[in-house]
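Engineer: This is a predicted model, with the sequence first.
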Amino acid sequence: MAENPLARIAELDPTLLEHVKALQSFALDEKGELPKKVRFLIAMALDAAHGAVNGVKSLAMQAKREGATRGEIMEALRVAMYVGGAGCVYTAAAALRDLDL
């Protein structure tokens with residue numbers, strides 16, 4: 001993704017952006033009980049359930065960089081579909097179309 005999806009927020013309310021980044025760091029970057037790839041897989045599944053194509057794409061690649069396999073990515077999306085419905089699969093298909101997994 002070339003453009004930062006929060007660039008406009010940075011212009012309008014830099015303090016809000018700081019809070020968003022702190023929350024992102026708290027959830028995904030800090031050392032925790034779950035391996036980092038698992039946290040990315042959970043976030044990816046939630047984005048699929050919410051119809052966020054760009055989020056699925058970004059989080060799938062971050063999970064892959066953390067060692068997630070194609071099978072783990074797809075398994076997470078199966079869980080998302082079970083809980084969130086078939087729309088998750090269409091969101092995931094659009095997001096993963098051009099990714100090298």
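Structural biologist: Yep, it's here.

Engineer: List the buried residues of stretch 62-74.
Structural biologist: Neighbour counts over stretch 62-74 (16 or more other Cβ atoms under 10 Å) mark Gln62, Ala63, Lys64, Ala68, Ile73 as buried. C-beta here means a position set from N, CA and C on the backbone, and glycine is covered the same way.

Engineer: Apart from its neighbours in sequence, what residue is nearest the last one?
Structural biologist: Okay, so that is Ile73. Ala60 (5.4 Å; Cβ to Cβ, 6 or more residues apart in numbering).

Engineer: same check, this time on the first one
Structural biologist: Distances taken as Cβ to Cβ, 6+ apart place Phe40 nearest to Gln62, at 4.8 Å, with adjacent residues excluded.

Engineer: picking that back up, isn't the residue nearest to Ile73 right next to Ala95, touching?
Structural biologist: Yes - the pair Ala60 and Ala95 qualifies as a contact (Cβ atoms under 8 Å) at a distance of 6.7 Å.

Engineer: what about these two, which has more around it?
Structural biologist: Taking neighbours as other Cβ atoms under 10 Å, Ala60 and Ala95 compare with Ala60 leading, 27 against 23.
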